[in-house]
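**Student:** Compute the structure for the input listed below.
(one chain, ligands or ions: 2)
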Amino acid sequence: MKHALTIAGSDSSGGAGIQADLKAFSALGVYGMSVITAVTAQNTQGVTGVQEITPDMVAAQIDAIYTDINVDGVKIGMVSSAEIIKVIAERLHTYEADKVVIDTVMVSKSGCHLLKKEAKDSLKKHLLPRAYVVTPNIYEAEVLVDSKISNIEEMKLAAKEIHQLGAKFVIVKGGHLDDETCADVLFDGDEYHLFNSKRINTQHTHGTGCTFSAALAAFLAQGYDVYESTSKAKEYITEAIRHSFAVGKGVGPTHHFYKYY
Ligand SMILES: Nc1ncnc2c1ncn2[C@@H]1O[C@H](COP(=O)(O)OP(=O)(O)OP(=O)(O)O)[C@@H](O)[C@H]1O
Ligand SMILES: Cc1ncc(CO)c(N)n1
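**Tutor:** Residues are numbered from 1 along each chain as shown. Ligands and ions are numbered 1, 2, ... in the order given. Model prediction:
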């Protein structure tokens, strides 16, 4: 069995963050491991508290894994502060981690800042150059390139610009584009590849970005190339959204195990 690692924040309601990632890893048949960067008090209605883990403790978790266990795929989600970003970048370098998927988590669906505003430059400078694939949503891509994105052509332009920050592949996700189709744009430094699905009409989209990037890391860990992995991750997230369900009073989670229920 292949081994995948998520470096991310905990979502107490289980829909996003570490919890979504581990569910996706399990559903896709890879052994899941976690490095927790922050604990959030969160439910389907919002985030009510954030407690960062110290950079030393983040480093200690990474060391514990890499000094003992082979890691076939990694995804990075919520990273919170410049200090945490630096320590993750440094350790990834030390352990020669490859095929790293970076989901540039910035703001939760409910509007809570999960990346401190002053840490944005650190993310660009220290972490994105280490990415095999980076997966910003429309809003995150807008922040990274500092311009508005409202159609596929602008998603392509942004992907090209983000590619120059050092990631090998860029996927700008179109979940937030106001369109019938949810198109994700992959740029490989040379060509654009579009991954389309019909938009599913549901309010239960808590953790879609986390689920997509975790599935991508799981498929890369299993040896699929980036194009196959993206296509399979897109299929996975589409079905996980199609089967999403109500938990609590707000935005419910994606479903990882619908085949069994
Ligand atoms: N309503 C929908 N129907 C079908 N696919 C969707 C829908 N919403 C999002 N997606 C797909 O889900 C994946 C995640 O995209 P999205 O843009 O929602 O990520 P995100 O904003 O980072 O998520 P999060 O808010 O959890 O951080 C993409 O492949 C996107 O196309
Ligand atoms: C911990 C965590 N990571 C990522 C997201 C996605 O926005 C979230 N809501 N919570």
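**Student:** if I read this right, residue 176 contacts residue 141, doesn't it?
**Tutor:** No - the criterion here is Cβ atoms under 8 Å, and residue 176 misses it with residue 141 at 9.9 Å. For the C-beta atoms, the positions are set from N, CA and C on the backbone; glycine is no exception.
**Student:** Give the residue from these two that has the larger number of neighbours.
**Tutor:** Regarding residue 176 and residue 141, a neighbour count based on other Cβ atoms under 10 Å identifies residue 141 as having more, with 27 against 18.
**Student:** Which residues of the stretch 1-150 of the chain lie near ligand 1?
**Tutor:** Contact residues (Cβ under 6 Å from any ligand atom) of the stretch 1-150 of the chain with ligand 1: 16, 109, 137.
**Student:** Just name the lowest-scoring one in those residues, pLDDT-wise.
**Tutor:** Lowest in pLDDT among those is residue 109, which has 84.
**Student:** what sits against that residue?
**Tutor:** 205-206, 251 (Cβ atoms under 8 Å, 6 or more residues apart in numbering).
**Student:** could I get the residues of the stretch 1-150 of the chain next to ligand 1 as TSV with secondary structure?
**Tutor:** As requested, those are arranged in TSV below (DSSP: H, G, I helix; E, B strand; the rest coil):
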residue	secondary structure
16	coil
109	coil
137	strand
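**Student:** Let me see the confidence value for the residue nearest the centre of the chain.
**Tutor:** The centroid of the chain falls nearest to residue 103 when counting by Cα atoms, centre = their mean (3.1 Å). Confidence at residue 103, expressed as pLDDT, is 98.
**Student:** Low-confidence regions, this protein specifically.
**Tutor:** Regions of the chain meeting the criterion pLDDT under 70 are absent.
**Student:** Show me what the lengthiest helix in the chain is packed against.
**Tutor:** Looking across the chain with DSSP state H, the single longest helix is helix 226-242. Packing partners of helix 226-242 (3 or more Cβ pairs under 8 Å, 6 or more residues apart in numbering; DSSP states H and E): strand 181-187, strand 192-198, helix 208-221.
**Student:** Looking at the ones you listed, which is nearest to residue 56?
**Tutor:** Each of the helices and strands packed on helix 226-242 has some distance to residue 56 by Cβ to Cβ; the shortest is helix 208-221, at 25.1 Å.
**Student:** Just confirm yes or no for that closest one near ligand 2.
**Tutor:** Yes - interface with ligand 2: helix 208-221 contributes 209-210 (Cβ under 6 Å from any ligand atom).
**Student:** That helix near ligand 1 at all?
**Tutor:** Yes - Helix 208-221 is in contact with ligand 1 by Cβ under 6 Å from any ligand atom, via 208-210, 212.
**Student:** Do a quick rundown of the strands in the stretch 1-150 of the chain.
**Tutor:** For the stretch 1-150 of the chain, the strands defined by DSSP state E, counting those that start in this stretch cover 3-11, 31-43, 46-52, 73-76, 100-102, 133-134.
**Student:** Residues contacting the last one, please?
**Tutor:** What it means is strand 133-134. Outside strand 133-134, the residues that touch it by Cβ under 8 Å, 6+ apart are 100-104, 128, 162, 167-171, 216, 220, 226, 230.
**Student:** Tell me the gap between stretch 55-71 and the middle of its chain.
**Tutor:** Computed by Cα atoms, centre = their mean, to the nearest Å, the separation of stretch 55-71 from the middle of its chain amounts to 20 Å.
**Student:** Could you pull out the buried residues of that stretch?
**Tutor:** Counting neighbours by 16 or more other Cβ atoms under 10 Å, one finds that the buried residues in stretch 55-71 are 55, 58-59, 61-62, 65-66, 71.
**Student:** Export that stretch to CSV, keeping only CA atoms.
**Tutor:** The C-alpha trace of stretch 55-71 is given here as CSV (Å, rounded to 0.1, in the frame of the first residue of the first chain):
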residue,chain,number,x,y,z
PRO,A,55,6.8,25.7,14.3
ASP,A,56,9.0,23.4,16.4
MET,A,57,6.1,21.0,16.8
VAL,A,58,5.3,21.1,13.1
ALA,A,59,8.9,20.3,12.4
ALA,A,60,8.9,17.5,15.0
GLN,A,61,5.9,15.9,13.4
ILE,A,62,7.5,16.0,9.9
ASP,A,63,10.8,14.6,11.3
ALA,A,64,8.9,11.8,13.1
ILE,A,65,7.4,10.7,9.8
TYR,A,66,10.3,11.1,7.4
THR,A,67,12.9,9.5,9.7
ASP,A,68,10.7,6.3,9.9
ILE,A,69,8.3,6.0,7.0
ASN,A,70,8.5,6.2,3.2
VAL,A,71,6.2,9.0,1.9
